[in-house]
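>>> next comes the sequence, and after it the predicted model I'd like to discuss.
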Number of protein chains: 2
Amino acid sequence: MNNYKVTVGLSNKHLHLSAAHIEALFGAGHKLTPTKDLRQPGQFACEEKVDVEGPKGVIKGLRVLGPARPETQVELALTDARSLGVKAPIRESGKLAGTPGCKLTGPVGSVELDHGVIAALRHVHLSPSEALEAGVKDKDVIRVRIGGERAVVFEEVLVRAGEAHLSEFHIDTDEGNAAGVDSGQEAELLP
Amino acid sequence: MNNYKVTVGLSNKHLHLSAAHIEALFGAGHKLTPTKDLRQPGQFACEEKVDVEGPKGVIKGLRVLGPARPETQVELALTDARSLGVKAPIRESGKLAGTPGCKLTGPVGSVELDHGVIAALRHVHLSPSEALEAGVKDKDVIRVRIGGERAVVFEEVLVRAGEAHLSEFHIDTDEGNAAGVDSGQEAELLP
């Protein structure tokens, strides 16, 4: 493995919805309205927003990302989760067993989630050829460095490599602020 | 320098006030009311709180830390600063030239600060004997590691060693969340 460079993609708080919850929140037969393609193939930001409520607070207008997922998943930075009074565990996307819930409210209805709130496990997306060039493989756990006046080495970074991926280092807003970094800046996979 | 261990002290957003601003916000002749001693000698949390306003928002009830300082200083995590619409630079405590301002409101009056809002430069406090044992000296810039499921190595950590200090690794809430750490947990100075 060499010092392969990737671009930082800052994940602001957002949620993914199941098809059933899209209908419950936005109305029967509703389809998500894409507004912007994300770097990861097939993923997009939507016009739709949802209010998220926990025991201690509300986040108004949380952005929905598409397409629909098998399970609804609310991804918050720990700062956001604390403002709701929800103790979000650090989880890989889709690994939702035993996570806390919250209340979602859309223009048409509400949903009481009994699980689905997480802080995302930081991860690097790589296409198969990028992974080969970087000398890593899917599910590796590596270190990634961001330089600058708040330089940080993030350990415990999951590699997600495959056809559905393109090089991007995904961290949340707490992690981006701790490193003093914005989307589009450079990160380096450490050997 | 060896792998000396210190305790993490998470700095939640707070502010320090000049004597003149204490009077402007809380009334002529007002003295700060200590509620809790902090680990750093002579520093204390106060009963007093202030509302902080920026172009995009307000933080209600920001905690005042004492004693009075030569200049008023508002210390925010970058997440907090963004909610106010203020671009806080990363600064060492007291280095306030060229920093942005904000509006402070207390029970008696308001103050328009033309500078003083910062995100604190992360730092390690050490007494003279602790610094000797750790093998570092005042103003060194070192790396500090926090282990666990969100393990991080923070680079660019300033050493503040001297009689007014006791071992403690000061990071803000963004940095603590990025490392998945709370006050009281352990951090390690790296050689």
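Alright, I've got the coordinates.
>>> what's the burial count for residue A:108?
Neighbours of residue A:108 under the rule other CB atoms under 10 Å in any protein chain shown: 12. C-betas here are computed from N, CA, C, even on glycine.
>>> for residue B:79, see how far away residue A:79 is.
As judged by CB to CB, to the nearest Å, residue A:79 and residue B:79 stand 5 Å apart.
>>> what's the overlap in contacts for those two?
Taking CB atoms under 8 Å, 6 or more residues apart in numbering or on different chains as the criterion, residue A:79 and residue B:79 both touch A:173-174, B:173-174.
>>> can I get the residues you listed in a markdown table with pLDDT, secondary structure and distance to residue A:88?
Output for the shared contacts of residue A:79 and residue B:79, formatted as a markdown table (pLDDT from 0 to 100; DSSP: H, G, I helix; E, B strand; the rest coil; distance: CB to CB, whole Å):
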| residue | pLDDT | secondary structure | distance to residue A:88 |
| --- | --- | --- | --- |
| A:173 | 98 | helix | 13 |
| A:174 | 98 | helix | 11 |
| B:173 | 98 | helix | 14 |
| B:174 | 98 | helix | 15 |
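>>> what residues does the nearest residue to residue A:54 once chain neighbours are set aside make contact with?
Take residue A:54 and drop its neighbours on the chain: the residue closest to it by CB to CB, 6 or more residues apart in numbering or on different chains is residue A:84, 3.0 Å away. By CB under 8 Å, 6+ apart, the residues touching residue A:84 are A:52-59, A:76, A:102.
>>> rewinding a little: name the nearest of the shared contacts of residue A:79 and residue B:79 relative to residue B:69.
residue B:173 (21.4 Å; CB to CB).
>>> thought the closest one was touching residue B:14?
No: using CB atoms under 8 Å, residue B:173 is not in contact with residue B:14; the gap is 10.8 Å.
>>> can I assume residue A:42 sits in a helix?
No: judged by DSSP: H, G, I helix; E, B strand; the rest coil, residue A:42 forms no part of a helix; its state is coil.
>>> which residues touch residue A:99?
By CB under 8 Å, 6+ apart, the contact set of residue A:99 is A:88-89, A:91, A:115-118.
>>> if you rank those residues by neighbours, which is first?
Ranked by the number of neighbours (other CB under 10 Å), the contacts of residue A:99 place residue A:117 first, at 26 neighbours.
>>> what's near enough to touch that residue?
By CB under 8 Å, 6+ apart, residue A:117 lies in contact with A:54, A:74, A:76, A:81, A:86, A:88, A:99-102.
>>> turn the residues you listed into JSON lines, including distance to residue B:157.
What follows is these, written out as JSON lines (distance: CB to CB, whole Å):
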{"residue": "A:54", "distance to residue B:157": "33"}
{"residue": "A:74", "distance to residue B:157": "33"}
{"residue": "A:76", "distance to residue B:157": "27"}
{"residue": "A:81", "distance to residue B:157": "26"}
{"residue": "A:86", "distance to residue B:157": "31"}
{"residue": "A:88", "distance to residue B:157": "27"}
{"residue": "A:99", "distance to residue B:157": "33"}
{"residue": "A:100", "distance to residue B:157": "33"}
{"residue": "A:101", "distance to residue B:157": "38"}
{"residue": "A:102", "distance to residue B:157": "36"}
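>>> these in helices, which ones?
If you go by DSSP state H, the contacts of residue A:117 have residue A:81 in helices.
>>> closest to chain B out of the contacts of residue A:117?
Within the contacts of residue A:117, distances to chain B taken as CB to the nearest CB reach their minimum at residue A:81, with 9.0 Å.
>>> and the closest residue to that closest one other than its chain neighbours, how far from residue A:102?
Closest residue in space to residue A:81, ignoring its immediate chain neighbours: residue A:88 at 3.8 Å, by CB to CB, 6+ apart. Distance, residue A:88 to residue A:102, using CB to CB: 10 Å.
>>> just checking, residue A:106 touches residue A:48?
Yes: look at residue A:106 against residue A:48 with CB under 8 Å: they come within range, at 7.4 Å.
>>> more neighbours: those two, which one.
Neighbour tally, residue A:106 and residue A:48, criterion other CB under 10 Å: the higher count belongs to residue A:48, 24 against 21.
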